[in-house]
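1. Mind looking at a prediction? Sequence and model below.
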Amino acid sequence: MPESLRPRVLIADDREENRYVLARVLDSAGFDCTQTGTGLGALEAAQTIPDIIILDVRLPDISGYEVCRRIKSDPRTASVSVLQISASFTSSDDRVRALEAGADGYLTHPIDRMVLIATVRALLRLRTAEAAARQAANQWQSTFDALSEGLALIDSNGAFLRWNRSFAEISGPKVQIVAGGDAGSFLKSLLGTDDPIKQYGRRYSAEFNIGKRSVEISANPIESERDGQGKILILNDITDRKLAEYALLTAEKLAATGKLANAIAHEINNPLEAVTNLIYLASSSSNTEDIHEFLSRANEELARVSRVTKQSLSFHRDSDRPIAIDVGALIADVISLFERPAAQRRVHLALSRESDVNICGFPGQLTQVFGNLVRNATEAALPGSEVSIRVRLIHRGKNEGARVTIHDRGAGIPESVRDKLFDPFFTTKDLKGSGLGLWVSRTLVVKHQGTIRFRSCRGPGKSGTTFEVFLPTTLV
Ligand code: ADP
Ligand code: MG
């Protein structure tokens, strides 16, 4: 074996003849031996981290027991194996004393050559196995720490067993985690609730704010035969995802507003032209009745302009708290804004509404939802066809609410894309579509505790799509 690969043995014995014999035996068995005659010498040489120290109990300066205790209590040398050897102390009490000081083995003189070699080899194997276990544990901890999710293991008594670096980072500096500490009180001071821990046997997931960050926390029960049911807690910092979603919502809102601006400009321009003409006619007429008639028609046109501007403002402004909404009236307003672009495609928008379908919600957001759906239907409808929009008050289970359906006779939605429809950026309209309309609509409907779904048929004579939105009357 090359010199550098031979296991290194330090022999500490005050009697030179003992050292000589031990060194000869071990050297011939392939070990690389160094020697010292004192306890201090042994402590100094231990710092070079030999594989094994063979330590005589009786040393001139410090006792072998004490040398062993110091080696084992120093973290740098604690992993070095110590084989204690004694000639004069041979009772089982001595053996116990040596092992309690931390020795890994104990032999008494006279030492059989083969027993010595076998014992040293056994201790080496133990050391190798311990080093491998330590390395595996370190690798696990490093992997655990490299995860961006925060993970913590909780035992069946609700106490912290282990956690990774991200868990401590996401929790922030205000709370301290300690091994064996109560996870429930930790969560209470972090989130104001210990629900994630309390829910016995079930998976739990919720979003919280920790400082300025948004954090999703989930708790999963884990079963272990020995420890009963513990939990694994997962913290996920979702601040960036939230910001991105918010940016997308804003972008879609701007795009929707931009498209509407065109329709609105027409809506305003036409009555204004009419007003200009009517005023001209009034100013050049001498008949009082005619002048009255012209001015009153000009007044009506101006009232139309004012209605249109009010509707378009509702796209930008929204109340910060839900208010009472007449769904039929809201949809009539949306339709009035889309009638012109629909007419340009020779599509007729037909509204059938029950009166007094009232719900509680955010009118700006719902205008955006129905604007998206009506626009999609108009874009899908065949020229010359009708898009029918119905508003009804219905009962669904225990819930009362508004059901709005928007039905078009377009080409329908191919089976292959149906489950992608609500994904952000999914569009079949290339650069003309943002692919955000349905995604935003669903987000806003869910905010109203409602549902949105569709049915679609394809085939000659029966193709078309119906979107259905249900909005409960009251929000809880
Ligand atoms: P965009 O309209 O910008 O494409 P949307 O999220 O509003 O984005 O719609 C996504 C896709 O869903 C559309 O590109 C279209 O393929 C499909 N779609 C939506 N509504 C209808 C409809 N009424 N008929 C047929 N396809 C539709
Ligand atoms: Mg769309």
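-> Sure thing, it's come through. It should be emphasised that the depicted structure is a prediction, and the values quoted were computed from it without experimental measurement. Ligands and ions are numbered 1, 2, ... in the order given.

2. give me the number of residues near T143?
-> 10 (other CB atoms under 10 Å). Every residue, glycine included, has its C-beta placed from N, CA and C.

3. Give me the phi and psi angles of it.
-> The phi/psi pair for T143 (degrees, to the nearest 10) reads phi -60, psi -50.

4. For E216, see how far away it is.
-> 22 Å (CB to CB, to the nearest Å).

5. A strand includes L444, no?
-> No: counting by DSSP: H, G, I helix; E, B strand; the rest coil, L444 is not found in a strand; it is helix.

6. quick one: it and ligand 2, what's the gap?
-> Distance, L444 to ligand 2, by CB to the ion, to the nearest Å: 14 Å.

7. Likewise for A380?
-> Counting by CB to the ion - A380 and ligand 2 are separated by 10 Å.

8. can you pull out the strands in the stretch 251-400 of the chain?
-> 323-326, 348-353, 358-361, 386-396, 399-408 (DSSP state E, counting those that start in this stretch).

9. could you dump the second one to CSV, C-alpha only?
-> Extracted as CSV, the C-alpha positions of strand 348-353 are listed here (Å, rounded to 0.1, in the frame of the first residue of the first chain):
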residue,chain,number,x,y,z
HIS,A,348,-76.3,41.4,-34.0
LEU,A,349,-76.1,41.4,-30.2
ALA,A,350,-79.5,40.4,-28.8
LEU,A,351,-80.1,40.8,-25.1
SER,A,352,-82.9,39.0,-23.2
ARG,A,353,-83.0,40.0,-19.5
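
10. Return the list of helices and strands in contact with that strand.
-> helix 327-344, strand 386-396 (3 or more CB pairs under 8 Å, 6 or more residues apart in numbering; DSSP states H and E).

11. Can you say which of those is nearest to ligand 1?
-> For those, proximity to ligand 1 was assessed by CB to the nearest ligand atom; strand 386-396 is nearest, at 8.8 Å.

12. what pairs with that closest one, and is each one parallel or antiparallel?
-> Using DSSP bridges, the strands paired with strand 386-396 are strand 348-353 (parallel), strand 399-408 (antiparallel).

13. So for the longest one, what gets flagged as buried?
-> Residues of strand 399-408 classed as buried by neighbour count (16 or more other CB atoms under 10 Å): G401, A402, R403, V404, T405, I406, H407, D408.

14. next one: the shortest one
-> If you call a residue buried by 16+ other CB under 10 Å, then strand 348-353 has these buried ones: L349, R353.

15. For ligand 2, what's the nearest residue on the protein?
-> As assessed by CB to the ion, ligand 2 sits closest to G437 within the chain, at 3.0 Å.

16. wouldn't that residue be in contact with E379 here?
-> No: using CB atoms under 8 Å, G437 is not in contact with E379, being 10.0 Å away.

17. out of these two, which sits in the busier spot?
-> Using other CB under 10 Å as the criterion, G437 and E379 rank with G437 on top: 24 against 16.

18. Look at the closest residue to the more buried one other than its chain neighbours and report its pLDDT.
-> Computed as CB to CB, 6 or more residues apart in numbering, the closest residue to G437 that is not its neighbour in sequence is N372, at 3.9 Å. Per-residue confidence at N372 stands at 90 (pLDDT).

19. Now do the contacts for N372.
-> A256, G437, L438, V440, S441 (CB atoms under 8 Å, 6 or more residues apart in numbering).

20. contacting residues for the third one?
-> Listed by CB under 8 Å, 6+ apart, the contact set of L438 reads N372, N376, L421, F422, F426, I452.

21. Pick out the most distant pair among these.
-> F426 and I452 (14.9 Å; CB to CB).

22. Run through the neighbouring helices and strands of the helix ranked longest in the chain.
-> Across the chain, the longest stretch assigned as helix under DSSP state H is helix 239-283. Packing partners of helix 239-283 (3+ CB pairs under 8 Å, 6+ apart): strand 213-224, helix 288-313, helix 327-344, helix 363-380, helix 437-447.
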